[in-house]
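In: missing the sequence, but the structure's below:
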């Protein structure tokens with residue numbers, strides 16, 4: 001059956017399974033992804049089905065995991081690796097910046113790296129330090145990397161399949177708190193690919209721009225605003241790099257007001273880049289400065305304080321209320 005009700009975790013697992021069936025060069029490896037099936041069970045059953053040569057455990061050495069993936073990709077394979085948690089990826093950052101991102105440019109296009117680095121990221125699960133970072137800005141700031149962040153079960157499947165087929169390296173940001181979100185998925189439908197944003201909710205009063213784990217909360221805020229008489233449009237970026245200026249700017253021009261919602265800290269972030277890009281392109285259409293609702297500029301807090309750090313409906317609605325309404 002192609003029409004199934006799946007969680008995001010199950011959709012990611014199915015995407016990996018289908019990709020491995022379709023292409024013998026696709027490999028999956030990382031810490032505990034083999035017999036255990038990963039800490040979030042994203043790779044559950046893949047070793048049993050495809051064997052230890054194609055889905056296998058590695059030592060606890062992220063730099064080694066990514067370095068091995070570079071070598072494999074240079075030699076005709078399509079490796080998919082998992083950084084078990086977002087902040088666990090930092091030991092591999094030198095490999096990502098110095099080699100993964102630069103190989104095509106270094107070789108004048110003669111050597112490409114068709115590899116995917118899966119990155120369970122962001123908060124919402126009550127995790128401790130090193131388990132709930134929003135590290136997307138580091139990767140988005142690094143030329144040569146493609147960075148995507150699904151917010152729906154359908155996109156988790158589609159974007160991962162397209163990331164594995166992509167000719168260059170992809171940082172695949174998986175919102176941990178959405179792993180258990182469930183929806184009906186048609187696995188035969190070709191949804192928009194990498195680099196294309198979508199409108200998740202129509203509205204004419206203001207535009208909420210979000211990605212990954214912030215999309216559901218933006219939709220909740222739009223629902224709450226509707227009860228107060230304001231219709232908010234919600235844009236899901238889906239792809240951070242490349243950025244879909246056309247869809248985002250058309251959405252903002254249609255309302256004249258915008259709020260960017262993201263879990264990561266606001267300073268020098270993806271959210272600040274979105275504000276800059278949209279302001280440059282839509283300045284004469286704006287009725288008010290673009291606002292941001294983000295995590296605070298602090299190290300990620302302990303679980304009991306997490307709810308204060310993450311953007312919530314009230315903070316989003318407060319930002320919307322500040323957009324210089326004529327009736328306010």
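Out: Here it is on my side, so go on. Computed from a prediction, not measured in an experiment: that's the story for all the values here.

In: How far does stretch 40-60 stretch from one end to the other?
Out: In stretch 40-60, first residue to last residue: 17 Å (CA to CA, to the nearest Å).

In: gap between that stretch and the chain center?
Out: Taking CA atoms, centre = their mean, to the nearest Å, one finds stretch 40-60 lying 23 Å from the centre of the chain it belongs to.

In: Now do that stretch, average pLDDT.
Out: On average, the pLDDT along stretch 40-60 is 97.

In: With stretch 312-324 instead?
Out: 96.

In: neighbouring contacts of it?
Out: Residues from elsewhere that reach stretch 312-324 (CB atoms under 8 Å, 6 or more residues apart in numbering): 206, 208, 217-218, 220-221, 224-225, 228, 230, 232, 257, 259, 261, 287-288, 291-293, 328. No exception for glycine: its C-beta is placed from N, CA and C like everyone else's.

In: list the buried ones in that stretch?
Out: Neighbour-count burial for stretch 312-324 flags 312, 313, 315, 316, 317, 319, 320, 323 (criterion: 16 or more other CB atoms under 10 Å).

In: TSV for those, including secondary structure?
Out: What follows is the buried residues of stretch 312-324, written out as TSV (DSSP: H, G, I helix; E, B strand; the rest coil):
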residue	secondary structure
312	coil
313	helix
315	helix
316	helix
317	helix
319	helix
320	helix
323	coil
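
In: Switch these over to CSV; also include distance to residue 21.
Out: Formatted as CSV, those follow (distance: CB to CB, whole Å):
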residue, distance to residue 21
312, 41
313, 41
315, 44
316, 41
317, 46
319, 45
320, 46
323, 49
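
In: Of all pairs in these, which one is the farthest apart?
Out: Farthest pair in those (CB to CB) is 312 and 323. Separation: 17.9 Å.

In: Could you pull out the strands in this structure for me?
Out: For the chain, applying DSSP state E gives strands covering 3-7, 26-30, 55-57, 78-82, 116-121, 146-148, 170-175, 182-186, 198-201, 206-210, 232-236, 239-241, 258-265, 291-295.

In: what mean pLDDT does the last one have?
Out: I take that to be strand 291-295. Mean pLDDT, strand 291-295: 98.

In: Which residues are in contact with the residue nearest to residue 121 when sequence neighbours are not counted?
Out: Excluding the flanking residues, the one nearest residue 121 by CB to CB, 6 or more residues apart in numbering is residue 86, at 3.8 Å. Shown in contact with residue 86 (CB under 8 Å, 6+ apart): 119, 120, 121, 122, 131, 132, 133, 134, 135.

In: Give me the distance between residue 160 and residue 215.
Out: Distance, residue 160 to residue 215, by CB to CB, to the nearest Å: 17 Å.

In: Distance of residue 286 relative to residue 255?
Out: Distance from residue 286 to residue 255, by CB to CB: 10 Å.

In: Also residue 88?
Out: 39 Å.

In: now swap in residue 18 and tell me
Out: From residue 18 to residue 255 the distance is 38 Å (CB to CB).

In: Could you do residue 77 as well?
Out: The separation that residue 77 has from residue 255, given CB to CB, amounts to 46 Å.

In: Among these two, which residue is more densely surrounded?
Out: Neighbours were counted for residue 77 and for residue 255 using other CB atoms under 10 Å; residue 255 has more, 20 against 17.

In: pLDDT wise, what is the more buried one at?
Out: 98.

In: mind listing what the closest residue to it other than its chain neighbours touches?
Out: Nearest non-adjacent residue to residue 255, counting by CB to CB, 6+ apart: residue 207, 4.8 Å away. By CB under 8 Å, 6+ apart, the contact set of residue 207 is 232, 233, 234, 235, 251, 252, 254, 255, 257, 258, 259.

In: Which residues does residue 207 form beta bridges with?
Out: residue 233, residue 258 (DSSP bridges).
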